[in-house]
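Visitor: Take a look and give me a structure for this.
(one chain, ligands or ions: 1)
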Amino acid sequence: MNDFVYRNGVLFCEDLRVSDIASKVGTPFYLYSKNTFTSHFHAVDQAFGELQHLVCYSLKANSNVAIVKLMANEGAGADVVSGGELFRALKGGVDPQKIVFAGLGKTAEEIEYGLNEGILMFNVESSQELMLINEVAQKLGKQAPIALRVNPDIDVRTHPYIATGLKKSKFGIPLKEAMAEYEVAQKLPGLNPIGVHQHIGSQIMESSPFESSLRKVGNLAKSLKVLGMDIRYINIGGGFGIQYTDEEASQPDQFAAALVPLLRESGCTIIMEVGRMIAGNAGILVTRVLFNKKNEEKKFVVVDAAMNDLLRPSLYQAEHHIGPVVYKDGTPEEKVDVVGPICESGDFLAQDRALPEVQSGDLLAVFTAGAYGFSMASNYNSRKRVPEILVSGKKAYVIRRRETYEDLVRGEAIPQDL
Ligand code: LLP
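Guide: Just a heads-up that it's a prediction; the model follows:
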C-alpha cells in the first residue's frame, strides 16, 4: 500500500508528477507521501485494536519534525533514543506520556531531560544504567518509570547489523538475569518498574521470532506480577519487515493475528515501536543521471545522489528498487551499477541492476527510502544534505530545505592565530 504509482509510465506521488516536483526543487531530494504515512500508521494501530495499546513511532526511521507532527496528530507516541530525538518528539507535539526512551548509552543529562519532561518510561539496558537513572531521579526528587529491555536470545533471520536479540548482542539484559535486576530496581527509591521491553531486530519478515520471544517475555511479566510488581506494559519493540524488492513481508494484520492471542491474557497495555513499517514505503529518493560510463567489466550510471544521502546499499548491501521517473517507450534494459559521485568504491545505490537505458538528465526514483534514508544521511565529501518534500494530494511542502555551502561550515571556527 503506497501512493507512489505510475500512470501511463509517469511516476506520481499522490496527485503530483514527481518530475514536476524535481523541476521546482532540483535534485536529489527525498519525497514523502502524507497519505502513505498515515495509512501505514492506522494499519498497524487498527491491527492491534483489540488490545489496549500504544503505537510509538520510532523516530530513528525518519525524524523530520513535520513527520513527527503528522504522526502525533494521528495519535502516535514516540520511541526515542537520544536527547536529540526527545527534543524532536516534543517539538512535533508528541504527548510526553506517550514517549518511551530507549538506547543503551543514556547520559545523566539525557535522563534528566526525560524526567523533567515527564515521559512515559525509560527502557533500561544495563544494571549500571539502572543505578544512574535512580541517582538522577532522586536528585530531582522524582521516581523514574522504567522497563528493562530483556534480551530473549532469539535468532532472527535479518542482516547481522540489525539483529539485536542474540546472546552476543550488545543490547538488553539477558533474560535469566532480568528477574534479579527487577528485584534490585524495585528496591531503589528513584525507580518504578512498570513494564517489560524487548526489541529483537529490524526488517523481520514473519511473526515466528516475535512469537518465540514474546512467550519468554510474557512469562517474565507474569512472574514479576506474582512478586508484587506493578507491571502494566509489555513493549514488543519494532522490527516489522517490509517489501523492498520482491521479498514477501507479513502485513500488520498477519503479525497481529499471530501476536494478539499471546498478548491478550497479559492484561498489559502493549507498546509497539514501529519505524520502517510506517515510513519505509512512504518515501523515495529522486536523483538525476549525470553520466553513463563503462569499463571492460561494467557499465555505470553516475547519479547526483550518493551514499551520504542513502547509506543502506553501502552499509547493508540493501537492495532498493530503482526505476525511471518517466518511462520511455521501447527503451531496452541493460545491467548497470548505479553509483554516486563520492570517492569511495562502496558508494553505490545498486549493483548489477537491470535498468532501462538512461541518458544524462533523466530522473531515477530509488524506492522504499522513507525509513533510514535521510535520517542516516551525512555531509561526507562536504555534500549538502538534500531537501525533504512532503506531498498531500495536489500540494507539496518543503519540510527541510536543501543545505547551502554556508550550512556546511556553520558551527566551525578558525582560531584567531591561524
Ligand atoms: N525499537 C528499538 C529499540 C530499535 O532499536 C529500533 C530500530 C526500532 C524500535 C525500530 O525498528 P523498525 O520498526 O524500524 O524495524 N538502519 C537500519 C535499521 C536499524 C534499526 C535500529 N533499531 C536499516 O536501515 O535497515
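Visitor: number of nearby residues for the residue nearest to residue 287 when sequence neighbours are not counted?
Guide: In space, residue 287 comes closest to residue 305 once its chain neighbours are excluded; the distance is 3.7 Å by CB to CB, 6 or more residues apart in numbering. Using the backbone N, CA and C atoms, a C-beta is placed for each residue, glycine as well. Residue 305 has 27 neighbours, counted by other CB atoms under 10 Å.
Visitor: ok, now residue 32?
Guide: Burial measure for residue 32: 31 neighbouring residues, criterion other CB under 10 Å.
Visitor: That one: which element?
Guide: strand 29-33 (DSSP states H and E).
Visitor: The helix or strand following that strand to strand 29-33, inter-axis angle?
Guide: Downstream of strand 29-33, the next assigned helix or strand under DSSP H and E is helix 34-47. Between helix 34-47 and strand 29-33, the angle formed by their directions is 50 degrees, by axes from the mean of the first three to the mean of the last three CA atoms, to 10 degrees.
Visitor: Quick check: neighbours of the following helix or strand past helix 34-47 in the sheet, parallel or antiparallel?
Guide: Stepping forward along the backbone from helix 34-47, the first helix or strand reached (DSSP H and E) is strand 53-58. Here strand 53-58 is paired, per DSSP bridges, with strand 77-80 (parallel), strand 269-274 (parallel).
Visitor: hmm, strand 53-58 in reach of the ligand?
Guide: Yes - applying CB under 6 Å from any ligand atom, one finds strand 53-58 in contact with the ligand at residue 58.
Visitor: Could I get the average pLDDT for that strand?
Guide: Here strand 53-58 scores 98 as its mean pLDDT.
Visitor: can you check stretch 17-32 too?
Guide: Mean pLDDT, stretch 17-32: 98.
Visitor: Any idea how far apart the tips of it sit?
Guide: Here the two ends of stretch 17-32 are set 13 Å apart, with distance taken as CA to CA, to the nearest Å.
Visitor: And residue 263, which helix or strand is it part of?
Guide: With secondary structure defined by DSSP H and E, residue 263 is part of helix 252-264.
Visitor: Compute the inter-axis angle for that helix and helix 34-47.
Guide: With the same axes, to 10 degrees defining the directions, helix 252-264 sits at 30 degrees from helix 34-47.
Visitor: Let me know the average pLDDT across stretch 354-371.
Guide: Average pLDDT, stretch 354-371: 98.
Visitor: what do you get for stretch 148-164?
Guide: Over the span of stretch 148-164, the pLDDT mean works out to 77.
Visitor: Of all the strands paired with strand 53-58, which one comes closest to residue 37?
Guide: strand 269-274 (11.6 Å; CB to CB).
Visitor: next structured bit after the closest one?
Guide: Where DSSP H and E defines the elements, the next helix or strand beyond strand 269-274 is helix 276-279.
Visitor: is that following helix up against the ligand anywhere?
Guide: Yes - part of helix 276-279 sits close enough to the ligand to count as contact by CB under 6 Å from any ligand atom, namely 276-277.
Visitor: The very next helix or strand once past that helix - contacts with which helices or strands?
Guide: Downstream of helix 276-279, the first helix or strand assigned by DSSP H and E is strand 283-294. Counting by 3 or more CB pairs under 8 Å, 6 or more residues apart in numbering; DSSP states H and E, the packing neighbours recorded for strand 283-294 are helix 18-25, strand 29-33, strand 299-303, strand 363-366.
Visitor: Kindly report the residues of the stretch 101-250 of the chain close to the ligand.
Guide: If contact is defined as CB under 6 Å from any ligand atom, the residues of the stretch 101-250 of the chain in contact with the ligand are 102, 162, 199, 202-203, 237-240.
Visitor: Tell me where the protein is predicted with low confidence.
Guide: Segments of the chain classed as low confidence (criterion: pLDDT under 70) are 1, 157-166.
Visitor: Helices along that one, start to end?
Guide: For the chain, the helices defined by DSSP state H cover 18-25, 34-47, 65-74, 83-91, 108-117, 127-139, 175-187, 208-226, 252-264, 276-279, 312-316, 405-409.
Visitor: Buried deepest among those, which one?
Guide: helix 276-279 (a mean of 30; mean count of other CB atoms under 10 Å).
Visitor: which helices and strands sit right next to that one?
Guide: Contacts of helix 276-279 with other secondary structure elements, assessed using 3+ CB pairs under 8 Å, 6+ apart, are made with helix 34-47.
Visitor: could you say what helices and strands the helix it packs on packs with?
Guide: With contacts defined as 3+ CB pairs under 8 Å, 6+ apart, helix 34-47 has these neighbours: strand 53-58, helix 65-74, helix 252-264, strand 269-274, helix 276-279, strand 388-392.
Visitor: and the third one, does that touch the ligand?
Guide: No - when contact is scored as CB under 6 Å from any ligand atom, no part of helix 252-264 falls within range of the ligand; the minimum is 11.2 Å.
Visitor: can you dump the C-alpha coordinates of that helix into CSV?
Guide: What follows is helix 252-264 as a C-alpha-only set of coordinates in CSV (Å, rounded to 0.1, in the frame of the first residue of the first chain):
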residue,chain,number,x,y,z
PRO,A,252,0.3,-5.7,10.1
ASP,A,253,-2.9,-7.8,10.4
GLN,A,254,-0.9,-11.0,9.9
PHE,A,255,1.6,-10.0,12.6
ALA,A,256,-1.4,-9.1,14.8
ALA,A,257,-3.3,-12.4,14.2
ALA,A,258,-0.2,-14.3,15.5
LEU,A,259,0.7,-12.0,18.4
VAL,A,260,-2.6,-10.7,19.8
PRO,A,261,-3.6,-14.2,21.2
LEU,A,262,-0.2,-14.3,23.0
LEU,A,263,-0.5,-10.8,24.4
ARG,A,264,-4.2,-10.8,25.3
